[in-house]
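mind looking at a prediction? Sequence and model below.
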Amino acid sequence: MNLLTFLTTVSLLCILCQSVSLVQQEQVEKEADIDWTAILEQVGQGISRHTWTAILEQVGQGISRHTWTAILEQVGQGISRHTWTAILEQVGQGISRFHTWRAGDNQTCVPGERKADNGSCVACPAGTYSSETNATICTLCPEGSYNPVTKQSSCQVCPAGSSAGKKGSVNCTLCAAGSYASKNGSEVCDLCAAGSYSDQTGAVDCKSCAAGSYSDQTGAVNCKSCAAGSYSDQTGAVDCKSCAAGSYSDQTGAVNCKSCAAGSYSDQTGAVNCTLCPAGSYATDGGSVECDMCEAGTYQEEEGQINCTLCAPGTATNNTGSIVCTACPGRTFSEAGARNCSKCGNGTHPNGKHSACITITCVPGEVRAVDGFCVSCFAGTYSSTYNATNCTLCPVGTANPLTNQSVCPACKPGSFSNSTGSLNCSLCSPGSYQDKSGQTVCVDCEKGSYQDKTGGSTCSQCRDNRTYTTYTTGANSSLDCVGPLLKYTIENSAPVELTDVKTVYIGGYKTVVVESVSGDWAVRMPEAPYSEYHIIKQGDRLVLSSTLDNLIIEPVIGNVFCYKDSEGHGQLFAGYQTKDQLGRQCDSFCRNTDGDEMGPHCAVNGGKIPKSPCGIPKCVWDVKCSSGDGVGYRGSANNVTTEGGTVVACQAWNSDYPHFHPEFHPTAYNVATYGLGNHNFCRNPDPGNNLEPWCYTTSLWIRWQNCGVKKCDTSLPYFEH
């Protein structure tokens, strides 16, 4: 090492050793930072890192690695040549190895200051103090004291109601609610003891809980009111006392309990109310822990009474706790208060409104479980009373998709429920309806109507309720409606549809096209409707080109859309129905050639079902009334009424007595055309001379007479739906 390096090392060592001393001292105090600024002012930028390494290797043999690390973090990367020259001048004048080179060595630091490493005085920061002249360190304020400003020679003591829990505090902390400090200089605040509280910060003491309240833990910020059924009659309570049996408290914060009134009792401690003595018992005095039973020969039928009543004469009871006296049987008697009649029930348990120790009331829609808690009724069930013990299955006609219900709603129109405990009502299926609520079944649509949707509350009528019907109940489509349908056009006018009889205005020479879409139709001339007419079969077409004022177009209903039961249960039925009443395809048209009582029928499934009824309705027109000229009448009228009011029976058509009539015997033609037969029913086999049903009479004086059969009109349906 050359002379320059050696001298530099000596000077730097002085500076660094003093810095290390300051670091060690001020680390002990935990407060003042090392004044590295003064050191860095001495350190320049002109010494290379390599030179520093050589210096530090010579100087740092006695300084720990940790201390050197602290120094190196503050010292820069080089020292200027100018600064080193100043250092060498000081070293050359005889400064010792351990001399500290500082400015201001002769300055005197007053209390509240400390001497810095460069000899200047530095004010002690807030939270510290120095009490001596030329102090080298500032001391942290001890616990329980504080110093809010700098340059203090002492710390202030924390006032009562506050504390400082660590050294070097710059202020004191107010005691939190629930704590206090009763003296100055407290390091910590004490928690309020049980039975007391503090509801503000900075408390110097705690308040005792008032009577009727308590605090069962330390550090309370308020006191709790005694619960109903308990009380506290002194201040500073840590808990409340339960009301003794025979007393109660029905409010919170009670300072004492009330005695049960006469006629009531409490048999448990901690009661919130008293229970009325049940019927059959009494309590004369207040403060009772139990009620006395009515003695034998007395009774009490009301609750909360102070005495019992003697059994009236003619009644008796041999039991205690009676609520009624029993009438003596037969002719026996008894004086007031008698015991010798039959026993009565005990009647001593309180009713639901006055039961002892019931703390939970189960509302409708809930039931009480085994553990005493209330649970909700399941979907499909309900409970309608308070404190029910069982949920009831929803009755038929109702459903309940929700839990916790007090009623089961009735099924709405268009729906039903046929089982108990239903979650949902079932919608009526197509072909059925229900127009009422709360029903268990849906009703099939009647004949002549249909329902093609689910949930129907009504059925839709077929397009014409006089001429259209369905051959079965429960129709689920408008296509199930069967009836006559005709289209006609006059010249080039738009087609018009008919479903019933109509007189059509023609107005001169025109071409009329008539086409039967469904059923048979009669096209009649108004001047002679029953002698001049055309019958158009289903699918046929008629073209008329003539001079006409009007045309009568009328559907043929009898034996096409209904059958005349009087003719062998429809043996002459000739309609076009090809489905049975279950909607299955027939092997042929529905007929009843064999006169079966089921009416028109057909074979189904290739004859595997030889006879299946088609559901064809019975005719009303020409059975219960007479239409047109009466030729088609097939009713059962068989007598006439004379002008004098005498009813005379008809003569049978196969008989010539008393009146001979060879032209109107039941020949095959007359049977098929006019309905004659081996019977005496009214018919009209002579439409050229008569226009209503008649018969030969059994009177020798009256050969024949009209039967007076009611004429068919719109007040009567064509057939029985």
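Yep, it's here.

for this structure, which residues score under the pLDDT cut-off?
Low-confidence segments of the chain (pLDDT under 70): 1-106, 331-332, 341-359, 372.

mind listing the helices for it?
Here the chain has its helices, by DSSP state H, at 3-29, 36-42, 49-59, 65-74, 81-92, 668-674.

what about the last one, distance to the chain center?
Averaging C-alpha positions (C-alpha atoms, centre = their mean, to the nearest Å) puts helix 668-674 73 Å from its chain's average.

hmm, who's touching it?
With contact meaning C-beta atoms under 8 Å, 6 or more residues apart in numbering, helix 668-674 is reached by L572, V631, W653, F664, L676, G677, R683, N684, P685. Quick note: C-beta positions are derived from backbone N, CA and C, even for glycine.

most neighbours of all the residues you listed, which one?
Counting neighbours by other C-beta atoms under 10 Å, R683 leads the contacts of helix 668-674 with 28 neighbours.

ok, what's across the strand from that residue?
Using DSSP bridges, the bridge partners assigned to R683 are W694.

that one: what's it in contact with?
Neighbour list for R683: G630, Y633, W653, Y674, G675, L676, P693, W694, C695 [criterion: C-beta under 8 Å, 6+ apart].

ends of stretch 437-451, what's the gap?
Stretch 437-451 has an end-to-end distance of 18 Å (criterion: C-alpha to C-alpha, to the nearest Å).

list the buried residues of it.
437-439, 442-451 (16 or more other C-beta atoms under 10 Å).

ok, now stretch 498-509?
Counting neighbours by 16+ other C-beta under 10 Å, one finds that the buried residues in stretch 498-509 are L498, T499, D500, V501, V504, I506.

so which of the residues you listed is the closest to I616?
Nearest to I616 among those: T499, at 18.4 Å, using C-beta to C-beta.

T469 is in contact with the closest one, correct?
No - assessed by C-beta atoms under 8 Å, T499 is found out of contact with T469, at 11.8 Å.

name the residues contacting each of those two.
Between them, T499 and T469 share the contacting residues G483, judged by C-beta under 8 Å, 6+ apart.

gap between the nearest residue to S449 once chain neighbours are set aside and D480?
Leaving out its chain neighbours, the residue that sits closest to S449 by C-beta to C-beta, 6 or more residues apart in numbering is C459, at 3.8 Å. Per C-beta to C-beta, to the nearest Å, C459 is found 11 Å from D480.

got any residues that touch both of those two?
Residues touching both C459 and D480 (C-beta under 8 Å, 6+ apart): Y450.

looking at the two, which one has more neighbours?
C459 (25 against 21).

ok, now how distant is that one from Q451?
5 Å.

same check, this time on R634
R634 is 34 Å from Q451, by C-beta to C-beta.

do G246 as well
In terms of C-beta to C-beta, G246 sits 72 Å off from Q451.

now do N684
In terms of C-beta to C-beta, N684 sits 42 Å off from Q451.

then W701?
59 Å.

same question for A672.
Taking C-beta to C-beta, one finds A672 at 41 Å from Q451.

now swap in A135 and tell me
Here A135 is placed at a distance of 109 Å from Q451 (C-beta to C-beta).

same question for V221.
Computed as C-beta to C-beta, the V221 to Q451 distance reads 73 Å.

so who does V221 touch?
A177, G178, Y197, S198, D199.

swap in 6 Å and give it another go.
A177, G178, D199 (C-beta atoms under 6 Å, 6 or more residues apart in numbering).

turn those into a markdown table, columns for distance to P430 and neighbour count.
Formatted as a markdown table, these follow (distance: C-beta to C-beta, whole Å; neighbours: other C-beta atoms under 10 Å):
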| residue | distance to P430 | neighbour count |
| --- | --- | --- |
| A177 | 75 | 18 |
| G178 | 75 | 23 |
| D199 | 75 | 14 |
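
got a markdown table for the residues you listed, with distance to D250 too?
A markdown table is the format used below for those (distance: C-beta to C-beta, whole Å):
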| residue | distance to D250 |
| --- | --- |
| A177 | 32 |
| G178 | 31 |
| D199 | 28 |
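
how many neighbours does S460 have?
When neighbours are counted by other C-beta under 10 Å, S460 registers 16.

then Y129?
24.

then P662?
6.

distance-wise, check the nearest residue to it once chain neighbours are set aside relative to L582.
In space, P662 comes closest to D656 once its chain neighbours are excluded; the distance is 7.5 Å by C-beta to C-beta, 6+ apart. As judged by C-beta to C-beta, D656 and L582 stand 49 Å apart.

and what of L479?
If you go by C-beta to C-beta, the gap between L479 and L582 works out to 15 Å.

next: S406.
In terms of C-beta to C-beta, S406 sits 45 Å off from L582.

surely L676 is in contact with P666?
Yes - here L676 reaches P666: they are 4.2 Å apart, a contact under C-beta atoms under 6 Å.

return every residue with contacts to both of the two.
With C-beta under 6 Å, 6+ apart, L676 and P666 have common neighbours W653.
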